Each structure stands twice: as structure tokens, then as C-alpha cells.
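Colleague: got a predicted structure plus its sequence, pasted below:
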Amino acid sequence: VKETLANIEQTDATYDAFLTTMTDKALAEAAAIDEAGIDPDNVLLGIPYGIKDNLITKDVTTTAASKILQDFKPIYDATVVSRLREQGTVGVGKLNMDEFAMGSTTETSYYKQTKNAWDQTKVPGGSSGGSAVSVAAGQVPFALGTDTGGSIRQPAAFNGIVGMKPTYGRVSRFGVIAFASSLDQVGVFTRNVKDNASVLGAMAGMDVNDQTSSDQPVPDFTARLDGDIQGLRIAVPTEYFADGVDDQIKATVRAGIDKLRELGATVDEVSLPHTKYGVAAYYIIASAEASSNLQRFDGIRYGFRPENVKNLEDLYVQTRTQGFGDEVKRRIMLGTYSLSAGSYDAFFKKAAQVRTLMNDDFQKVFADYDLIVAPTTPNVAYDFGANQDDPEVTYMNDVLTIPVNMAGLPGMSVPAGFVAGLPVGMQLIANRYQEETIYRAAYAYE
Ligand code: GLN
């Protein structure tokens, strides 16, 4: 833990991955572990890790990278954080992200600009950019992120590491600063598949504090990591190799799929016909839920409060005007609009119907297949500011990750190679609660 903290101190000027380090707390926890003695069976004991800043941590500043939560110190820990502590891991710091997890580059953070671990002139991806970079740059062995529309898988792809978004309901959302509650899920970044399986196993499972957490038993995700994928039935969706996906990425992922075939899997081409509606439907649903979730930031209860306000209404207005960044305001406006009486049927309801169709697409495929394999992103990491003038260009980048969230499925990105010196991610998608299948295939592939 000491070495990790020193290393972060030394290297973070290069990456700007961390918003806060938890030095005193981490050292105290590590000392308590030393005192209690080492349990040789616990592979996680004493392992330091990083926490995305939208997961609340008791007495440690938690901002979700927003000005509106400046200096906010929660009074309890997110369930994932307390569970990991019970397993002996040690949180060492809070990681940068897009404000309220809205974005794909970590550029919407109010505080700093995290740089890609491979090339500091490129975006790290997002929204869990700090988490991905901290793991890829060797600052921590693992980090937690959240994934609402790709925010774990996409930055994992951009930084050449393993990033798992579990099934919706697999991991408690208690203590996750809510963005879109029907899509949000906590997951894990690591440098290899087995580490990832170990960490997910330690934090997954039913939590009485989250009504959407599932009571499905949590298997030992490391149990079937034996390299054997003989007979695994893989589906490759045509729509994930459409125009707009970089040709070299397609070729890299096709080579990855060939390797899975050589290892004993069968591979067929399938169709997920509603893929092309995913981005439009997602941005309506996610923004609608965000507009509701973000109502609580009123200047009374949390964090930032403006000075010299005239009355209560002015306090609300000034808090939100000064406290939220442009992207967050855009989502609130889009969300409240699509939920309003005059546009609900035309927008929100339609988007919800599209979501059902996307789910049906997946269920048809999973009737005959164990795993879907595809690229994680249409392109590799790009320059800062590249899509500044046009948020829709950034939104389109999520086209290959959003469907998994819409259907509540588990999805993981694994490193598959490089294009122009930058990492490429291959995405593995399974049916609900089949994370084991993903880990087994990814481990054999790795
Ligand atoms: N890029 C997507 C968005 O901006 C996804 C973000 C996420 O998964 N948190 O909404």
C-alpha cells in the first residue's frame, strides 16, 4: 500500500487519473491487516485499488467529477466498497471520470483531464477514464468503474486492459451516485482476466439496500479458467462490423475470433437488427432517468452552495447553473423534455419500446449461442477536443457498447491488439448471469 501511494504520487503528474488519494485511511487499513496476520487463502488480502469517484466513500471527498459535489464527504460507504474492505482490499484513492459519468472521454470532468495510458495526447475514454488509466499505467492492480452505456468497456479498450460490466443486478448499486438507474452497473478493471474474476466474485451478490440487486447465487468466477472452450458456440453480429467501424479494428477483432475458433469454439454470423436504433433510444432513456436522479442536487443537501443568493428559488437556480457543466445540463434538458406530457409518447415511450426489441434480438441469439463476440468500439483513442463541437459524434461512439446495457447483459472488453500503436478491444457478451462464460472464453483467449 505504501509503495502504491508513493507510485501514484510520482506518476500521476503524467496521467492525472486520481482526484483524491486516501493516504491516511489506506495506511491505517493496511496496518490493521498486518496486525491481524495474513490469511494465505485470501488472494485479495492487502491488495490496493482505485475507486471511481461516483462510488461514495465514507469521510472521503466524493464528487462524481462535478463542481456541484465539491468537498462533499459522504457519511457511509457504497456496498461495493464495504464488501471489498471486508475481503481485505485497500482503497487508495478516487479516480477521475466524466461529470456524473456523462461522456466518453473523461473530458467533461470539472477538475482535470486524464490522459491515455499509452499516448498522453489521446483521450483515455470514459466515463471511467481515471479507473482505466490507473490500471493500465500500473498505478493500481485493479479499479472500480461504472458502466451505463459503455463506460467500463470503452476506456478498457482505449487503454488495452480488461474491463467487465456485469449483469444488471449482479452488483449492488447502493452508494453509486445514480446516473440512469435502469442501466447503471458497477464493474472491474484489471490487467488480466483472472484478477477480474476474483474481484467481481468478492463484491457481487444480493444486497438488501438495493432492490434491483439479484439473489442469483454468485459462482466462483475463477473456477472454470482452464483454457478449455471446446464446443463453445460463438455468434458474431453483422451489425457490429457495419460501416463506421474502422477497418483495421474489424480485422483485429476478426483475428481474435479466429483464435477462439482455433481453441475449439464454433463461430456463426448472426443479426441483431435493432442495433442501429440503440444510440437514439439510449440517449432518451438515460437522459430521462438522469434528469430525475439529478433533482436532488439543489444546494441544500450536498456539496457546493453559491453565495449571495436572493431567495430559495434563486438558490436552486444559481446552484444548478454554476454547479453543473454543459453536458449535464444538456442531458437534463433532453431528459425533462422527453418525459414532458407533450412528448412522452413520441420519445420516451418509443425509446422504451426499442429497448424491448433490442432485448428480444439478444434473446433470440442466446437461444442458440453461448457468447457474442464483436469489437468494443468503432475506433481507437482519439485526440482531445476532437468531437467538441458536436456531441452527436461522441454519442455515436457508443453504438457497440450501449445494446448490452439496454438488455441488462454482462459484457467485457479484452485487449485484442493494436491499430496505429493504440489498443483495440474485443467485446464478449453473454446472457444474464453468465459472466462465467465470458471469463472462461476470455481466459482461454488471453
Ligand atoms: N458515453 C455514454 C454516455 O455518455 C456512457 C456513459 C456511461 O456508461 N456512464 O452516456
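Modeller: It's in.
Colleague: secondary structure class for the residue of the stretch 301-446 of the chain found nearest the ligand?
Modeller: Closest contact between the stretch 301-446 of the chain and the ligand, by CB to the nearest ligand atom, is at residue 398 (4.8 Å). For the C-beta atoms, the positions are set from N, CA and C on the backbone; glycine is no exception. Secondary structure, DSSP: H, G, I helix; E, B strand; the rest coil: residue 398 is coil.
Colleague: how about the contacts made by it?
Modeller: 104, 149, 150, 154, 279, 282 (CB atoms under 8 Å, 6 or more residues apart in numbering).
Colleague: same question for residue 445.
Modeller: Contacts for residue 445 (CB under 8 Å, 6+ apart) come out as 256, 259, 260, 263, 414, 426.
Colleague: could you give the number of residues near the last one?
Modeller: Other residues within reach of residue 426, judged by other CB atoms under 10 Å, total 26.
Colleague: just grab the bridge partners of it for me.
Modeller: residue 375, residue 414 (DSSP bridges).
Colleague: residues contacting it?
Modeller: Residues near residue 426 by CB under 8 Å, 6+ apart: 252-253, 256-257, 373-376, 413-416, 445.
Colleague: roughly how far apart are it and residue 413?
Modeller: 7 Å (CB to CB, to the nearest Å).
Colleague: any residues in contact with both of the two?
Modeller: Listed as contacting both residue 426 and residue 413 by CB under 8 Å, 6+ apart are residue 376.
Colleague: so where is the protein shaky, pLDDT-wise?
Modeller: By pLDDT under 70, the chain contains no weakly predicted segment.
Colleague: the nearest residue to residue 30 once chain neighbours are set aside: neighbour count?
Modeller: Sequence neighbours aside, residue 1 is the residue nearest to residue 30 in space, at 4.0 Å (criterion: CB to CB, 6 or more residues apart in numbering). Neighbours of residue 1 under the rule other CB under 10 Å: 20.
Colleague: go ahead and confirm residue 1 touches residue 28.
Modeller: No: assessed by CB atoms under 8 Å, residue 1 is found out of contact with residue 28, at 9.9 Å.
Colleague: can you list the residues of the protein near the ligand?
Modeller: For the chain, the residues in contact with the ligand (CB under 6 Å from any ligand atom) are 101-104, 127, 146-151, 179, 286, 398.
Colleague: quick one, what contacts residue 396?
Modeller: Residue 396 is in contact with 244, 279, 378, counting by CB under 8 Å, 6+ apart.
Colleague: give the contact list for the last one.
Modeller: Looking back up the chat, that one is residue 378. Residue 378 touches 244, 245, 246, 249, 396, 397, 399, 400, counting by CB under 8 Å, 6+ apart.
Colleague: helix/strand/coil for the first one?
Modeller: Okay, so that is residue 244. coil.
Colleague: I'd like the distance between it and residue 163.
Modeller: 22 Å.
Colleague: more crowded one of the two?
Modeller: residue 163 (35 against 12).
Colleague: phi and psi next, for that one.
Modeller: In terms of degrees, to the nearest 10, the main-chain angles of residue 163 are phi -140, psi 120.
Colleague: how many residues are close by the closest residue to it other than its chain neighbours?
Modeller: Once flanking residues are discounted, residue 163 sits nearest to residue 156: 2.6 Å by CB to CB, 6+ apart. The tally of other residues near residue 156 (other CB under 10 Å) stands at 37.
Colleague: now residue 156, what's its secondary structure?
Modeller: Going by three-state DSSP: residue 156 is helix.
Colleague: list the residues that contact it.
Modeller: 125, 132, 162, 163, 189, 376, 413, 425.
Colleague: one more time with 7 Å
Modeller: Applying CB atoms under 7 Å, 6 or more residues apart in numbering, we find residue 156 in contact with 132, 162, 163, 189, 413, 425.
Colleague: pretty sure the fifth one contacts residue 376?
Modeller: By that I understand residue 413. Yes: here residue 413 reaches residue 376: they are 4.2 Å apart, a contact under CB atoms under 7 Å.
Colleague: more neighbours, the two?
Modeller: residue 413 (34 against 30).
Colleague: and that one, what does it touch?
Modeller: 153, 156, 157, 163, 376, 425, 426, 427.
Colleague: how near is it to residue 141?
Modeller: 18 Å.
Colleague: now swap in residue 369 and tell me
Modeller: Distance from residue 369 to residue 141, by CB to CB: 33 Å.
Colleague: residue of the stretch 151-300 of the chain with the smallest distance to the ligand?
Modeller: Counting by CB to the nearest ligand atom, the stretch 151-300 of the chain gets nearest the ligand through residue 151, at 2.9 Å.
Colleague: what secondary structure does that residue sit in?
Modeller: Under three-state DSSP, residue 151 comes out as coil.
Colleague: residue contacts, it?
Modeller: With CB under 7 Å, 6+ apart, residue 151 has these contacts: 101, 126, 127, 128, 145.
Colleague: out of the residues you listed, which end up buried?
Modeller: With burial judged by 16 or more other CB atoms under 10 Å, the buried subset of the contacts of residue 151 is 101, 126, 127, 128, 145.
Colleague: any idea which element the last one lies in?
Modeller: Under the criterion DSSP states H and E, the helix or strand holding residue 145 is strand 142-146.
Colleague: what does the second one give?
Modeller: Counting by DSSP H and E, there is no helix or strand that carries residue 126.
Colleague: residue ranges for the strands of the stretch 301-446 of the chain, please.
Modeller: Along the stretch 301-446 of the chain, counting by DSSP state E, counting those that start in this stretch, strands occupy 371-375, 411-419, 422-429.
Colleague: and the closest residue to residue 391 other than its chain neighbours, how many neighbours?
Modeller: Leaving aside its chain neighbours, residue 391 sits nearest to residue 330 (6.7 Å; criterion: CB to CB, 6+ apart). By the criterion of other CB under 10 Å, residue 330 has 15 neighbours.
Colleague: kindly report the same for residue 219.
Modeller: Look at residue 219: counted by other CB under 10 Å, it has 15 neighbours.
Colleague: ok, the closest residue to it other than its chain neighbours - contacts?
Modeller: For residue 219, ignoring the flanking residues on the chain, the nearest one in space by CB to CB, 6+ apart is residue 436 at 5.7 Å. Residues in contact with residue 436 (CB under 7 Å, 6+ apart) are 219, 221, 224.
Colleague: select from the residues you listed every entry located in strands.
Modeller: Of these, none are assigned to strands by DSSP state E.
Colleague: can you pick the most crowded of the contacts of residue 426?
Modeller: residue 413 (34 neighbours).
Colleague: if we can go back for a sec, ok, the contacts of residue 396 vs residue 121, which is closest?
Modeller: Nearest to residue 121 among these, counting by CB to CB, is residue 378 at 20.1 Å.
Colleague: about what we covered before: turn the contacts of residue 436 into TSV, including distance to residue 392.
Modeller: Shown next, in TSV, are the contacts of residue 436 (distance: CB to CB, whole Å):
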residue	distance to residue 392
219	41
221	37
224	42
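Colleague: so which of the residues you listed is the closest to residue 113?
Modeller: Scanning the contacts of residue 436 for proximity to residue 113, where the rule is CB to CB, the winner is residue 221, at 34.2 Å.
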